[in-house]
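[1] Compute the structure for the input listed below.
(chains A and B)
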Amino acid sequence: MNDRHCRTGRWLSLCIGLTMLTGCQALSAPEPTSSAGGNVLPSACRWPASGDPLERLRATRDALESQGYAILDTDAKLGLVSAERKTSQPGLGAVNSPFGRTGLWGGFGLGGRNGYSLGVFQNFGGGYNTDPVQIERVSVVTPEATTLVDRDSVVVDYNGYLIDARSYNQPSFCQQLRQDIESRLNEPAAGVTP
Amino acid sequence: MSYREKSTPRGAATPRSGYLQAIGLGLLIGILSLTGCAVSPQAQPRSIAVQATVNETLKATLAMLAERGFVIRHGDGDLGQIDAVLASRSGYEVHAQVTSGGERPTGLVMQNGDTFLTLSGRRGGQPLNATELDPLFIDIQDRLGLLP
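    Presented below is the predicted three-dimensional model:
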């Protein structure tokens, strides 16, 4: 009787374990470098471009800046605007155990940090503000006739521990950006743009 | 007597094996820390030649990267360079360069055009190899209409 109980329990736990594993496998997105990795953008993040290319770039730039993004790079020939925004995440700083945290969040140690070299970490050297910082990187490109918006998000601790990193293409963000750009483009030209 | 004969070597061996263990552990930790500090390996660029203008190739590359969710960090149409990143559990970095004429990039297998496209990248510090870069090349050639 007891033995049977034990065996049922073992089978049950095995089944649960397998279900969890297959669930994770099915949920994972295709690798961006695989042949199936194309077309990952939600449809809200791509739209047919309209208007003069330079006017559109200026409008895109202003729209991103009005949301608190700092413009990093623009290129008129490629129709590119690249920007990023850093926001501190005060609540996440409550846990103050660096080793416990790396274990908890999947073991980002030396290996995980290699991918995000100095560019991400240079602003976190000391100071009294120990809140984690979320860095949203966004690019708006119009290579031909379609505008594509890409965004990702990295959350790092003040001492450089990577807490979270993900692709961050939210349809709501893209919709809002599109509306903002279009309203700026359709505005009657009132002298010099600010 | 026989007990003493047995016990003596054991008693002598225990501290020595302890030392050996400590030395072994120290070595292991030393080697592990050394590998951790090693410089990340060189990126392995791969090149193809395409029958298209520099501008077309660059725009196709840009569209390919953007469709795949990469965030374009820098791009310069005159220099012919694009830098793209993508945050994930192991972050991606991709660098693209398009040149025309000039010197042949190293590692070019066949030359069926005058525009050279070179891609290199990293995932979590490790260079992207051929199996990861080739789908990107195929995607670009598809966008340029060069594939049958």
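[2] who's in contact with stretch B:58-70?
    Contacts to stretch B:58-70, defined as C-beta atoms under 8 Å, 6 or more residues apart in numbering or on different chains, come from residues A:32-33, A:37-41, A:78, A:80, A:139, A:141, A:143-144, A:146, A:148, A:150, A:152, A:167, A:169, B:52, B:72, B:75, B:77, B:80, B:82, B:84-86, B:92, B:94, B:96, B:98, B:117, B:119, B:136, B:139-140, B:143-144. For every residue, glycine as well, the C-beta is placed using N, CA and C.
[3] Among these, which lie within strands?
    Of the positions in the contacts of stretch B:58-70, A:80, A:139, A:141, A:146, A:148, A:150, A:152, A:167, B:72, B:75, B:82, B:84-86, B:92, B:94, B:96, B:98, B:117, B:119 sit in strands, assigned by DSSP state E.
[4] So which residues of the chain form helices?
    Went with chain A since none was named. Taking DSSP state H to define them, one finds helices in chain A at A:2-27, A:53-66, A:98-104, A:110-114, A:118-121, A:171-186.
[5] let's do chain B instead
    For chain B, the helices defined by DSSP H occupy B:2-37, B:54-67, B:130-143.
[6] Low-confidence regions, chain A specifically.
    A:1-2, A:20-28, A:93-129, A:188-194 (pLDDT under 70).
[7] wait, doesn't B:Gly101 sit right on B:Gln111?
    No: if you go by C-beta atoms under 8 Å, B:Gly101 and B:Gln111 don't touch, sitting 11.8 Å apart.
[8] count of neighbours near the nearest residue to A:Val138 once chain neighbours are set aside?
    With sequence-adjacent residues excluded and distances taken as C-beta to C-beta, 6 or more residues apart in numbering or on different chains, A:Val138 is closest to A:Arg151, at 4.3 Å. When counting by other C-beta atoms under 10 Å in any protein chain shown, one arrives at 25 neighbours for A:Arg151.
[9] Could you list which residues are in contact with A:Arg151?
    A:Glu136, A:Arg137, A:Val138, A:Ser139, A:Ser167, A:Tyr168, A:Asn169, A:Gln170, A:Phe173, B:Val71.
[10] so who does the residue nearest the centre of chain B touch?
    Compute the mean C-alpha point of chain B, and by C-alpha atoms, centre = their mean the closest residue is B:Pro127, 0.5 Å away. By C-beta under 8 Å, 6+ apart, the residues touching B:Pro127 are B:Pro41, B:Gln42, B:Ala43, B:Gln44, B:Ser120, B:Gly121.
[11] Let's have those residues in JSON lines, adding pLDDT, distance to chain A and neighbour count.
    Formatted as JSON lines, those follow (pLDDT from 0 to 100; distance: C-beta to the nearest C-beta, whole Å; neighbours: other C-beta atoms under 10 Å in any protein chain shown):
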{"residue": "B:Pro41", "pLDDT": "79", "distance to chain A": "10", "neighbour count": "10"}
{"residue": "B:Gln42", "pLDDT": "82", "distance to chain A": "14", "neighbour count": "8"}
{"residue": "B:Ala43", "pLDDT": "81", "distance to chain A": "12", "neighbour count": "16"}
{"residue": "B:Gln44", "pLDDT": "86", "distance to chain A": "14", "neighbour count": "14"}
{"residue": "B:Ser120", "pLDDT": "94", "distance to chain A": "12", "neighbour count": "18"}
{"residue": "B:Gly121", "pLDDT": "94", "distance to chain A": "8", "neighbour count": "25"}
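[12] Restricted to strands, list those.
    B:Ser120, B:Gly121.
[13] Find the nearest non-adjacent residue to residue 92, please.
    Picked chain A for this. A:Pro132 (4.4 Å).
[14] think we crossed wires, I meant chain B
    Spatially, and ignoring its direct neighbours in sequence, B:Tyr92 is nearest to B:Leu86 (4.2 Å; C-beta to C-beta, 6+ apart).
[15] how about the one you found, what does it touch?
    A:Pro32, A:Asp152, A:Ser167, B:Arg68, B:Gly69, B:Phe70, B:Val71, B:Tyr92.
[16] one more time with 6 Å
    By C-beta atoms under 6 Å, 6 or more residues apart in numbering or on different chains, the residues touching B:Leu86 are A:Pro32, A:Asp152, B:Gly69, B:Phe70, B:Tyr92.
[17] Good, we can wrap up now.
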